[in-house]
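*Asks:* Got a predicted structure here, sequence first:
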Amino acid sequence: MTSLPLYRAADLRRIEAAAADQPLMQRAGYAAAKLAMMIGGDRGAAILVLAGPGNNGGDAFEVARLLRERFFDPYTVFLGNAKGLPPDAAAAHQRFVEAGGITHSALPAIFEGPRWSLIVDGLFGIGLKREIVEPYAGLIHNVNALAIRDGCPLLALDCPSGLDADTGKLSGATILASHTITFIGGKPGLFTGDGPDHCGEVSVAPLDLDAQSIMPAAGRSVGRELFSAQLKARPHNCHKGSHGDAGILGGAPTMVGAALLAARAALRLGSGRVYVGLIDKHAPALDAQQLELMLRTPEKLIGSGLTALACGPGMGTSHEARVLLEKACALDLPLVLDADALNLVAAEGELHVALATRNPSVAPTVLTPHPAEAARLLDCDVAVVQADRIGAALELSTRFNALVALKGCGTVVASPEDAWFINTSGNPGLATAGSGDVLTGMITALLAQGWPALEALLAAVHLHGCAADCLVAQGSGPVGLTAGELIDSARGCLNAWISGAA
């Protein structure tokens, strides 16, 4: 997927206001009707259209009218009052009625109604900021059940009803769409949080607007073009010293495997040399499965002249780990913090200060929290983080003067300059122990090779997801996919990107 501009609802309202002289609702209806005909079966097939009390309902009336013109006979359910519709939606309703359309106040009786070939959701759009109540909640539950019963596509207009288009948070009952056609530009909530489980296949209809010229998007989805300038073939005249020295600090007792996973990922993503500082005093002197890794004491690792260092995988929260982390924060090199390193920062104000005062031009910092770690860093509940993942990532980035990857469904990347990105690659197979350690190693590898910090983070996050997608496409997962499998898959994807084969 190419990088897609992402707009929050407030910015979209400004774009719509700037284009108020253009027939945006008719264009939205045309684009949606065209897609509906592609996925909804032959002419004459039974189509159910749900029209809400706002402008999303106006889009639905346009779809229903256009489908009637093309010899479909949509059954249109409208629970609102036509006199209370906003002006544009009221005009769309009038056009629908004048074309012979009629509305119904309820679904057909469950045993009397037809088998639907398509359901169109136009109940609530991007402006919804409250929980859906009756009678709409019951209607949504019944419509979801009908789509399952009939095995038919469910097309959401702009955003599935019940989903917050800004955050990906659910507002009670929510449409389970198989397809979503979103208008003007992408919305962040479609791609993070609960969005991907409710949107299905997302397409964008720009409605003949150049939204970027009206208002540049604050966010983007992650696409390869954001870091393609770094995807360069290596010259023949190179050596291991040409590709950086990556360090991994972690591996407290019983958690050595986490550090080794990160180190193996760093090696196979192209680091010239990888050094591992294991905190466990009884750790092995070598990695029998990856003999190329160089294992050292943590103290010797910190003084090794690295080009990038990661702290956290299996690190623990002991006093020794805290002292080592403080020393690492003082180094003038790219630093990646994950797992227990983040927990130590959350618990220690001095570490917070040490991070915030690092010079990002020579010593960029990357934080990769999952939601629980982010909540500890922000001193709030996980639910607060998940309710606004973009806001949480931006707050972390500002507070710690760092690039941040807030992991989860639709990982959010944020920078201190208020730029934010949502990654769309990946699948549930990534929800496995050690997956985050592999991501840490991948980021560290690209930083060690001299990639700019933002490009390294975007590429690693996207590559991490693509590696999992490739494995699933090959039949390995998502159930049972292991973190170790991601490493070779990521290496293959990266080389394919560089060679231009993918």
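*Replies:* Done, it's in.
*Asks:* What is the helix or strand harbouring A354 packed up against?
*Replies:* Assigning secondary structure by DSSP states H and E places A354 in helix 349-356. With contacts taken as 3 or more C-beta pairs under 8 Å, 6 or more residues apart in numbering; DSSP states H and E, helix 349-356 sits against helix 319-329, helix 340-347, helix 389-400. All C-beta spots, glycine's among them, are computed from the backbone N, C-alpha and C.
*Asks:* Mean pLDDT, distance to I39 and mean neighbour count added to the ones you listed, as JSON lines?
*Replies:* Below are the helices and strands packed on helix 349-356 laid out as JSON lines (pLDDT from 0 to 100; distance: least, C-beta to C-beta, whole Å; neighbours: other C-beta atoms under 10 Å):
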{"stretch": "helix 319-329", "mean pLDDT": "97", "distance to I39": "52", "mean neighbour count": "18"}
{"stretch": "helix 340-347", "mean pLDDT": "97", "distance to I39": "43", "mean neighbour count": "23"}
{"stretch": "helix 389-400", "mean pLDDT": "98", "distance to I39": "30", "mean neighbour count": "22"}
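*Asks:* TSV please, covering those helices and showing distance to S242.
*Replies:* Output for the helices and strands packed on helix 349-356, formatted as TSV (distance: least, C-beta to C-beta, whole Å):
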stretch	distance to S242
helix 319-329	25
helix 340-347	28
helix 389-400	31
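*Asks:* give me the low-pLDDT residue ranges for the protein?
*Replies:* Where the chain drops to pLDDT under 70, the residues are 110-111, 501-502.
*Asks:* which stretches of the stretch 351-500 of the chain form helices?
*Replies:* 371-378, 382-387, 389-400, 435-448, 453-473, 483-499 (DSSP state H, counting those that start in this stretch).
*Asks:* got it, and the stretch 151-300 of the chain?
*Replies:* Shown for the stretch 151-300 of the chain, the helices assigned by DSSP H, counting those that start in this stretch span residues 195-199, 211-214, 256-268, 298-302.
*Asks:* Tell me which of the ones you listed sits nearest to G125.
*Replies:* Among the helices of the stretch 151-300 of the chain, the nearest to G125 by C-beta to C-beta is helix 195-199 (13.3 Å).
*Asks:* quick one: contacts of the closest one?
*Replies:* If you take C-beta atoms under 8 Å, 6 or more residues apart in numbering as the criterion, helix 195-199 is touched by 156, 159-160, 162-163, 168, 170, 174-177, 180, 189-191, 409-410, 424.
*Asks:* Who are the contact partners of the closest residue to P53 other than its chain neighbours?
*Replies:* Ranked by C-beta to C-beta, 6 or more residues apart in numbering and with sequence neighbours excluded, the top spatial neighbour of P53 is G80, at 3.5 Å. By C-beta under 8 Å, 6+ apart, G80 lies in contact with 51-53, 57.
*Asks:* So which of these sit within helices?
*Replies:* Among those, the members found in helices (DSSP state H) are G57.
*Asks:* Which member of the contacts of G80 is positioned nearest S415?
*Replies:* G52 (36.8 Å).
*Asks:* That closest one against G122, yeah?
*Replies:* Yes. Contact criterion C-beta atoms under 8 Å: G52 and G122 qualify, at 6.0 Å.
*Asks:* Counting neighbours, go ahead and name the busier of those two.
*Replies:* The neighbour count for G52 versus G122, taken as other C-beta atoms under 10 Å, is higher for G122 (32 against 26).
*Asks:* give me every residue that touches that one.
*Replies:* Applying C-beta under 8 Å, 6+ apart, we find G122 in contact with 49-52, 56-57, 59-61, 63, 157.
*Asks:* Report the separation between A10 and T167.
*Replies:* Between A10 and T167 the distance is 13 Å, computed by C-beta to C-beta, to the nearest Å.
*Asks:* Kindly report the same for D388.
*Replies:* Taking C-beta to C-beta, one finds D388 at 5 Å from T167.
*Asks:* thinking again about what came up before, so which of the contacts of G80 would you say is closest to G277?
*Replies:* For these, the nearest to G277 is G52 (58.0 Å; C-beta to C-beta).
*Asks:* which residues touch that closest one?
*Replies:* G52 touches 60, 80, 122-125, 136, 161, counting by C-beta under 8 Å, 6+ apart.
*Asks:* Can you tell me the number of residues neighbouring the residue nearest to it when sequence neighbours are not counted?
*Replies:* Leaving aside its sequence neighbours, G52 sits nearest to L123 (C-beta to C-beta, 6+ apart; 3.8 Å). Using other C-beta under 10 Å, the number of residues around L123 comes to 29.
*Asks:* Report the contact partners of L123.
*Replies:* By C-beta under 8 Å, 6+ apart, L123 lies in contact with 50-52, 56-57, 60, 136, 139-140, 161, 175.
*Asks:* Apply 6 Å and report the result again.
*Replies:* With contacts defined as C-beta atoms under 6 Å, 6 or more residues apart in numbering, L123 is in contact with 50, 52, 161.
*Asks:* repeat for I422
*Replies:* By C-beta under 6 Å, 6+ apart, I422 lies in contact with 188, 191-192, 221, 410, 412.
*Asks:* residues of the helix holding A354 that come out buried?
*Replies:* Neighbour counts using 16 or more other C-beta atoms under 10 Å place 351-352, 354-355 of helix 349-356 among the buried residues.
*Asks:* now do stretch 65-85
*Replies:* Within stretch 65-85, the residues scored as buried using 16+ other C-beta under 10 Å are 65-68, 72, 74-80, 82, 85.
*Asks:* first vs last residue of stretch 225-245, how far apart are they?
*Replies:* Stretch 225-245 has an end-to-end distance of 26 Å (C-alpha to C-alpha, to the nearest Å).
*Asks:* next one: stretch 474-492
*Replies:* Terminal residues of stretch 474-492 lie 13 Å apart, using C-alpha to C-alpha.
*Asks:* Let's see if you can find the most crowded of the contacts of G122.
*Replies:* Neighbour tally across the contacts of G122 (other C-beta under 10 Å): the maximum, 35 neighbours, falls on L157.
*Asks:* Please verify my assumption that that one contacts F61.
*Replies:* No. L157 lies out of contact with F61 (C-beta atoms under 6 Å); the separation is 10.7 Å.
*Asks:* just to revisit the earlier point, quick one, which of D388 and T167 is more surrounded?
*Replies:* Shown here are D388 and T167; by other C-beta under 10 Å, T167 has more neighbours (22 against 18).
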